[in-house]
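Asks: Build me a model from this:
(one chain, ligands or ions: 1)
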Amino acid sequence: MEALPTDVTRPIGVFDSGIGGLTILKELRRALPHEHLIYIGDLAHSPYGSKAPETVKRFASQITRHLLSRKVKLIVVACNTASATAGETVRQLAAPVPVLEVVEQGAAEALRVLEELGEEEARIGILGTETTVTSGIYPDTIRMLADRRGIPVPAMQQQACPLFVPLAEEGLWEGELPDMVARHYLDDMKAFQPQVVILGCTHYPLLSRTIARALPAGTRLIESAPAVVKSVKLILEEAGMAATTGEGLTEYHASDSVDTFQRLAGRFLDTHLDLVHHIDLDACEDREE
Ligand code: DGL
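Replies: Take a look at the predicted model:
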């Protein structure tokens, strides 16, 4: 088997369909101050969540090829829809470069919190895009992890919330309109009375206060970012690939208007992003396919 790349100065690649993955990038930046990070927001093809799995797979493959051409040492799929539809494709393309995706991290974190709560009748709610929910990836992963740990499989209920993505991108994170949309999607979920609800789309943490208001008081909302950060650290340390000196840089790349990305991402990160590069993902098409 090919050896893992060991150059500690190589960047980490992170990608999403738009700005949602910044919820992951922000935590990585905070926890790994010496690492160079490359973020790709595929606004040209966004939203992924209503597209066919094959289509998302093609976009994710283009992005992976680009990241590999930049010699990344690890790839974080910071998009649940891409994880659900293209996780395996990205892994195969990237090997031996390790790939972490948000679905398994989020599912594991939800089970960990449930165990901590020690409820007898455990119930997990799963919110995601249409494509993620239809794929069944979360219930499948939760069943697999529960079996592996020898714990009972919790009751599960899924809900697709397509309008949450444009609300998040537009900065409409709180207010009358998002509250109305959240109630529209989450009435049935509220009746299900889950102890934990997975925010199974990286855009949703931006709306977490709105989502919490539409669910029973005390429902624990699960984001994948903390678990992703922990796993990234572990993989890099175990492989001797963690950068331990110097200031880590962050590069932003957008596949559509750089201005739009700058506006949306800047609002989210609460800072002006000076350097956003345009990236032509079609140039990363696999000629052999
Ligand atoms: N942020 C993405 C996810 O985690 C999807 C948003 C979109 O539909 O593009 O699923």
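Asks: Please make it C-alpha for all contacts and neighbour counts, starting now.
Replies: Will do.
Asks: Where do the helices of this protein begin and end?
Replies: According to DSSP state H, the chain carries its helices in the segments 22-31, 53-69, 80-94, 102-117, 130-135, 137-149, 164-169, 176-192, 208-213, 225-238, 258-269.
Asks: which of those helices is buried the deepest?
Replies: Mean neighbour count (mean count of other C-alpha atoms under 10 Å) peaks for helix 80-94 among the helices of the chain, with a mean of 22.
Asks: So what touches that helix?
Replies: Residues external to helix 80-94 that are found in contact with it (C-alpha atoms under 8 Å, 6 or more residues apart in numbering): 16, 48-49, 53-54, 56-57, 60-61, 64-65, 68, 77, 98-99, 101-103, 128-129, 131-132, 135, 137, 200-202.
Asks: Can I get that helix in CSV, CA atoms only?
Replies: In CSV, the C-alpha atoms belonging to helix 80-94 read as follows (Å, rounded to 0.1, in the frame of the first residue of the first chain):
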residue,chain,number,x,y,z
ASN,A,80,-23.5,16.2,4.5
THR,A,81,-25.0,15.8,1.0
ALA,A,82,-21.6,15.2,-0.5
SER,A,83,-20.7,12.8,2.3
ALA,A,84,-24.0,10.9,1.8
THR,A,85,-23.6,10.6,-2.0
ALA,A,86,-19.9,10.8,-2.7
GLY,A,87,-18.1,9.8,0.5
GLU,A,88,-16.8,6.6,-0.9
THR,A,89,-15.9,8.1,-4.3
VAL,A,90,-13.9,10.9,-2.6
ARG,A,91,-12.1,8.2,-0.4
GLN,A,92,-11.2,6.1,-3.4
LEU,A,93,-10.0,9.1,-5.4
ALA,A,94,-7.9,10.5,-2.5
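Asks: ok, that helix near the ligand or not?
Replies: Yes - using C-alpha under 6 Å from any ligand atom, we find that helix 80-94 touches the ligand at 80-81.
Asks: show me what contacts the residue in the stretch 151-289 of the chain positioned nearest to the ligand?
Replies: Across the stretch 151-289 of the chain, no residue is closer to the ligand than C201, which sits at 3.3 Å (C-alpha to the nearest ligand atom). Shown here is C201, whose contacts under the criterion C-alpha under 8 Å, 6+ apart are 20, 79-81, 127-129.
Asks: okay, the residues you listed in CSV with pLDDT next?
Replies: Below are these laid out as CSV (pLDDT from 0 to 100):
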residue, pLDDT
G20, 91
C79, 97
N80, 97
T81, 96
L127, 98
G128, 97
T129, 95
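Asks: Quick check: strands, which of the residues you listed are part of them?
Replies: Under the assignment DSSP state E, the contacts of C201 contribute 127-128 to strands.
Asks: any bit of the helix or strand of the chain with the lowest mean pLDDT sitting next to the ligand?
Replies: Among the secondary structure pieces of the chain, namely its helices and strands, helix 258-269 has the lowest mean (mean pLDDT, DSSP states H and E), a mean of 88. No - Helix 258-269 stays out of contact with the ligand when judged by C-alpha under 6 Å from any ligand atom, the minimum separation being 13.1 Å.
Asks: mind checking how far that helix is from the chain centre?
Replies: 18 Å (C-alpha atoms, centre = their mean, to the nearest Å).
Asks: now the angle between helix 22-31 and it, please.
Replies: Taking axes from the mean of the first three to the mean of the last three C-alpha atoms, to 10 degrees, one finds that helix 258-269 is oriented at 60 degrees with respect to helix 22-31.
Asks: Name the residues that touch helix 258-269?
Replies: Counting contacts by C-alpha under 8 Å, 6+ apart, the residues touching helix 258-269 from outside are 18-19, 22, 26, 41, 43, 169-171, 254, 272-273, 276-278.
Asks: Having no further points to raise, I will conclude here.
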